[in-house]
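Asker: Predicted coordinates and the sequence they were generated for:
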Amino acid sequence: MGIPTAHALIPEEIEYFKTEGYLVCDSIFTANELVEYGHAYDACLEKLRQEQALKNIRRGQLDDGTPTEVYQIRCAHLLQARFATLIRDPRLLDKVESTIGPALRLILCQGLYKPPHTGGEIAWHQDDYYFRVGKDNAVVSCWMAFDDATIDNGCMWVLPGAHDRLREHERLESGYAMTNVDEKRAVPIELKAGQIMLHHGAMPHRTLTNTTDGERRALAIHYMDATAPLLGDNRENEPPENTPIVRGRAVL
């Protein structure tokens with residue numbers, strides 16, 4: 001991976017990530033930064049609401065028939081300068097570099113917002129199934145909580161060690177979902193506000209409903225090895241500002 005960087009993962013963390021497919025990191029941000037990121041997140045939501053561009057990407061319903069919502073802030077780094085800085089923060093990129101190397105491209109920076117009581121479920125899936133990057137072990141996602149993420153409000157669940165290959169998915173109204181999932185292996189990843197979970201692009205993961213009185217704000221920043229081509233989901237046609245090189249350079 002080259003010369004160790006200031007905030008790089010230690011060897012034991014790298015080995016855990018390789019074996020289990022995910023890693024929970026302590027917060028790398030100050031309390032003031034977290035407040036500022038929270039304000040930026042809320043400003044994104046408000047801007048999209050005003051523009052009638054806030055999309056419910058996982059429509060569903062609770063057992064009593066109440067509609068559920070998961071709202072996406074797509075390309076958050078283009079909506080708020082705070083997030084344009086965040087995707088390039090060396091405290092974050094040093095950790096990502098430890099997993100996929102020194103040339104880093106952003107694939108997608110998206111807020112995933114679950115409102116109180118009606119925040120919906122995102123079914124089991126693998127990010128690599130969407131991104132289809134043309135190189136093995138080339139994608140890592142950073143899932144950052146802006147509120148404490150708990151079992152009750154929709155924290156991430158993973159299948160440790162199940163990142164060895166792409167699994168079968170079915171097409172949903174919006175997105176994809178894995179089929180034949182062995183949920184006995186599932187582990188919930190509860191995070192404090194500001195904590196980050198890194199996970200491999202092939203790590204199966206899901207989030208469940210938000211049944212609490214509070215909102216669940218999370219930001220998913222997906223990175224790839226910039227020397228690999230984007231193959232799937234028409235992402236190779238994304239405008240360059242959507243998928244910038246954030247460290248090193250691409251190999252053409």
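Answerer: Nice, thanks for sending it over. Numbering: from 1, shown residues only.
Asker: and residue 94, that's in a helix?
Answerer: Yes. Membership of residue 94 in a helix is supported by DSSP: H, G, I helix; E, B strand; the rest coil.
Asker: Give me the neighbour count for it.
Answerer: Under the neighbour criterion other C-beta atoms under 10 Å, residue 94 is assigned a count of 17. C-beta: built from backbone N, CA, C; applies to glycine.
Asker: next one: the one 10 residues further on
Answerer: A count of nearby residues for residue 104, using other C-beta under 10 Å, gives 24.
Asker: for residue 188, same thing?
Answerer: The number of residues packed around residue 188, counting by other C-beta under 10 Å, is 14.
Asker: In contact with residue 139, which residues?
Answerer: Contact criterion C-beta atoms under 8 Å, 6 or more residues apart in numbering gives 100, 107, 127-128, 131, 133, 200-202, 222-225 as the residues in contact with residue 139.
Asker: ok, it to residue 202 distance?
Answerer: As defined by C-beta to C-beta, to the nearest Å, residue 139 lies at a distance of 8 Å from residue 202.
Asker: got any residues that touch both of the two?
Answerer: Common neighbours of residue 139 and residue 202 (criterion: C-beta under 8 Å, 6+ apart): 127-128.
Asker: circling back: adding distance to residue 173, pLDDT and neighbour count as columns, could you present the contacts of residue 139 in TSV?
Answerer: Below are these laid out as TSV (distance: C-beta to C-beta, whole Å; pLDDT from 0 to 100; neighbours: other C-beta atoms under 10 Å):
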residue	distance to residue 173	pLDDT	neighbour count
100	32	97	23
107	23	95	24
127	19	96	22
128	21	95	23
131	20	92	22
133	25	91	23
200	27	98	27
201	24	97	26
202	24	98	19
222	22	98	21
223	28	98	27
224	27	96	30
225	32	96	24
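Asker: what's the span of stretch 193-213 from first residue to last?
Answerer: Distance across stretch 193-213, first residue to last, is 16 Å (C-alpha to C-alpha, to the nearest Å).
Asker: Show me which positions of that stretch end up buried.
Answerer: Residues of stretch 193-213 classed as buried by neighbour count (16 or more other C-beta atoms under 10 Å): 193-210, 212.
Asker: Kindly report the same for stretch 169-185.
Answerer: 169, 176-178, 181.
Asker: go on, stretch 78-87?
Answerer: In terms of neighbour count (16+ other C-beta under 10 Å), stretch 78-87 has its buried residues at 79-80, 82-84, 86-87.
Asker: What sits closest to residue 17 if chain neighbours are left out?
Answerer: The shortest distance from residue 17 to any residue that is not its chain neighbour, by C-beta to C-beta, 6 or more residues apart in numbering, is 4.4 Å, and that residue is residue 23.
Asker: residues contacting residue 143?
Answerer: Applying C-beta under 8 Å, 6+ apart, the residues contacting residue 143 are 156, 196-199, 218-220.
Asker: redo that, cut-off 7 Å
Answerer: When contacts are counted by C-beta atoms under 7 Å, 6 or more residues apart in numbering, residue 143 touches 156, 196-197, 199, 218, 220.
Asker: got TSV for these, with pLDDT, secondary structure and distance to residue 241 too?
Answerer: Putting these into TSV (pLDDT from 0 to 100; DSSP: H, G, I helix; E, B strand; the rest coil; distance: C-beta to C-beta, whole Å) gives the following:
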residue	pLDDT	secondary structure	distance to residue 241
156	98	strand	28
196	97	strand	24
197	98	strand	27
199	98	strand	25
218	98	strand	23
220	98	strand	18
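Asker: Specify which member of the residues you listed is nearest to residue 91.
Answerer: Proximity of those to residue 91, judged by C-beta to C-beta, is greatest for residue 196, which lies at 9.8 Å.
Asker: For the stretch 51-200 of the chain, which segments count as helices?
Answerer: Across the stretch 51-200 of the chain, reading from the start of the chain, the helices by DSSP state H, counting those that start in this stretch fall at 76-79, 81-86, 90-100, 127-131.
Asker: how about a markdown table for these, with distance to residue 247 added?
Answerer: Formatted as a markdown table, the helices of the stretch 51-200 of the chain follow (distance: least, C-beta to C-beta, whole Å):
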| stretch | distance to residue 247 |
| --- | --- |
| helix 76-79 | 14 |
| helix 81-86 | 14 |
| helix 90-100 | 5 |
| helix 127-131 | 18 |
